[in-house]
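Q: build me a model from this:
(chains A, B, C and D)
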2 protein chains.
Amino acid sequence: MGTTSKALTLLDYFTRTRPQIGLSELARLSGANKATCYRLMTELVEHGLAEQVAATKEYRIGPAVLRLAALREATVPTREAALPLLQALAVATGETAHMSHLVAGNLVTLAFAYPATHGMRVMMEDADRLPFHATSSGHAILGWLPGDTVDRILQVPFDTAPDLVPLMPAEVRNRIAVARAIGWAATANTFEADVSSFAVPLFDAQGQVQGALAVAAAGPRLTDATRAAIPRQLIASAREIMALWGGLVPAELSALWRKTETQTEKVQG
Amino acid sequence: MGTTSKALTLLDYFTRTRPQIGLSELARLSGANKATCYRLMTELVEHGLAEQVAATKEYRIGPAVLRLAALREATVPTREAALPLLQALAVATGETAHMSHLVAGNLVTLAFAYPATHGMRVMMEDADRLPFHATSSGHAILGWLPGDTVDRILQVPFDTAPDLVPLMPAEVRNRIAVARAIGWAATANTFEADVSSFAVPLFDAQGQVQGALAVAAAGPRLTDATRAAIPRQLIASAREIMALWGGLVPAELSALWRKTETQTEKVQG
DNA sequence: ACCATCGGTTCATATAATAAACCAACGGGA
DNA sequence: TCCCGTTGGTTTATTATATGAACCGATGGT
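A: You can find the predicted model right below:
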């Protein structure tokens, strides 16, 4: 592995639940030598990708990423373009809508929107990695990825929240196949209790899967009518988002979506 | 220089005016060998910090920075906290307000706000580097930086827009000294024609300069009254922003600011 | 048909990364 | 007060990795 990769890998240990990490702890987490870790972090700090908290000497993500993110959005306005449509989707469905992206083999939440109408909503946080195996977004995406990529992703060890029944690998494979066959994915109680989730894949201009658009619904208030309506609303929003991006829906998927759109009833467990 | 630094340096060549760069051009710009450049960019792409446009093979900033930026804001909500105050400042002054940060020796615009009241406004773009020598923000900041750091920054070659009279180094030094002495900086026609700019420095919890808060006013409509009012409004906003951050205004500067705040008239060329 | 340029690759060489051992400083606990 | 574990940081010989000139096939103009 290249030295640069090692340095960049260190950034992956910073998460929402662990935003600041000391030198020794980072070395322990990454398995790298402490001296190596120190040198790499020093270089990241020099470039503003990390910064050191003066009081505790702990490291955290640096301010340079703000400049890079602004530049990214100026170059490819993914998030900015999708946000209003995400908000519209949240209002239309009355549930939480979110968009996640495939970045470096991870599924990352990039944007989300809440409906204004309900007091109870499924809460989201961006910048967090979603598990492929337990989310509808993961299933929706994996159906459109090459087999070996899917294998590589699924062989990453995963854990399910203690209050949930974990999905067996065979079951995950099956759900991916179903998602591919019908053009959208649905899960219930796989990532969070009492949350039903629906997702469709999103594609770039080359017809490559880029991410997923999803609706996360609070289980108790889900009626059969809304279970049927959400996929259609998802598909409509996905089409709009990709129109903005210049994204290309594969012909096969477009046909599946048309089928769902013209159906009056469609329920999936 | 470490390999990681070389890789990260490559990211600096991507700007708003040059958002996508091909391999050969990037090698030419950076002075690195083409093979080296290729390998480094490949590693950056693997981690999502860069991405390659399929059609042209050009590189651009990748989607991973969005996750990092969201994580940064979740850890240190610099931008999010300052934005409403920035908007208030823009409305109060009737001019464009912006906040820039010191990151890795560069002055980067992180946020800005326009007033709703005027048709004509000074336009801003974030993610762009500002020249220290020709902006009030630069002058305001440099007054509170150690001498050797100032020297290092000022010896970077700079160019002024062709329609403007460039500031001589001695003049820049003088303006920095003035800014330090009165607690705020002002420039006119140094960065853009017919734009007057006012700025105050911003500090972190350790009392270190972090950036600057500024107002950029369209020259023609500047009256003596507003020239006097803007610094006071800047100071008030800066105090609010630092209160939110937990920033610490050096006692010396706080005294200077109080002086400006209690004055009824104050005009600087 | 030609030439320049593009992105990408190869491989001997040289340089930079590595890890164990070592500091000094700090913070409990006994 | 002493001890012990832990912290961030540094040094060093050893080793692995980065480097760059030359090369490749493809592409686009002239």
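Q: which SSE is residue A:60 in?
A: If you go by DSSP states H and E, residue A:60 is part of strand A:59-61.
Q: what angle sits between the helix or strand following that strand and helix B:64-75?
A: Next helix or strand after strand A:59-61 toward the C-terminus (DSSP H and E): helix A:64-75. Interaxial angle of helix A:64-75 relative to helix B:64-75 (axes from the mean of the first three to the mean of the last three C-alpha atoms, to 10 degrees): 130 degrees.
Q: ok, residue A:166 touching residue A:157?
A: No: here residue A:166 does not reach residue A:157: they are 11.6 Å apart, not a contact under C-beta atoms under 8 Å. C-beta coordinates here come from the backbone N, C-alpha and C atoms, glycine included.
Q: compare those two (neighbour count), which wins?
A: Using other C-beta atoms under 10 Å in any protein chain shown as the criterion, residue A:166 and residue A:157 rank with residue A:166 on top: 15 against 4.
Q: tell me the pLDDT of the residue in the stretch 51-200 of chain A that DNA strand D sits nearest to.
A: The nearest approach of the stretch 51-200 of chain A to DNA strand D comes at residue A:57, 3.9 Å away (C-beta to the nearest atom of the strand). We have a pLDDT of 93 for residue A:57.
Q: what number of residues lie near it?
A: Neighbour count of residue A:57, defined by other C-beta under 10 Å: 10.
Q: what sits against the closest residue to it other than its chain neighbours?
A: For residue A:57, ignoring the flanking residues on the chain, the nearest one in space by C-beta to C-beta, 6 or more residues apart in numbering or on different chains is residue A:22 at 6.6 Å. Contact analysis of residue A:22 by C-beta atoms under 8 Å, 6 or more residues apart in numbering or on different chains lists A:56, A:57, A:58, A:59.
Q: so how far is residue B:204 from the nearest residue to the third one once chain neighbours are set aside?
A: With sequence-adjacent residues excluded and distances taken as C-beta to C-beta, 6+ apart, residue A:58 is closest to residue A:20, at 4.2 Å. Shown here: residue A:20 relative to residue B:204, a distance of 15 Å by C-beta to C-beta, to the nearest Å.
Q: equivalent analysis for residue A:131, please.
A: Taking C-beta to C-beta, one finds residue A:131 at 36 Å from residue B:204.
Q: tell me how far residue A:180 lies from DNA strand C.
A: To DNA strand C, residue A:180 is 29 Å away according to C-beta to the nearest atom of the strand, to the nearest Å.
Q: also residue A:1?
A: From residue A:1 across to DNA strand C, the span is 8 Å (C-beta to the nearest atom of the strand).
Q: tell me, how many residues neighbour that residue?
A: Residues lying near residue A:1 (other C-beta under 10 Å) number 8.
Q: what stretches of the stretch 1-150 of chain A score poorly on pLDDT?
A: For the stretch 1-150 of chain A, the stretches with pLDDT under 70 are A:117-119.
Q: enumerate the residues of it near DNA strand D.
A: A:1-4, A:22-25, A:34-35, A:38, A:52, A:57-58 (C-beta under 7 Å from any atom of the strand).
Q: which of those lies closest to residue B:237?
A: Set against residue B:237, the nearest of those by C-beta to C-beta is residue A:52 (28.1 Å).
Q: ok so, going back, which SS class is the residue of the stretch 51-200 of chain A closest to DNA strand D?
A: Following DSSP: H, G, I helix; E, B strand; the rest coil, we place residue A:57 in the coil state.
Q: that one contacts residue A:21, correct?
A: No: the criterion here is C-beta under 8 Å, and residue A:57 misses it with residue A:21 at 10.6 Å.
Q: burial measure for residue A:171, as a count.
A: 12.
Q: no, scratch that, I was asking about residue A:225
A: Counted with other C-beta under 10 Å, the neighbours of residue A:225 add up to 10.
Q: can you tell me the SS state at it?
A: Relying on three-state DSSP, one would call residue A:225 helix.
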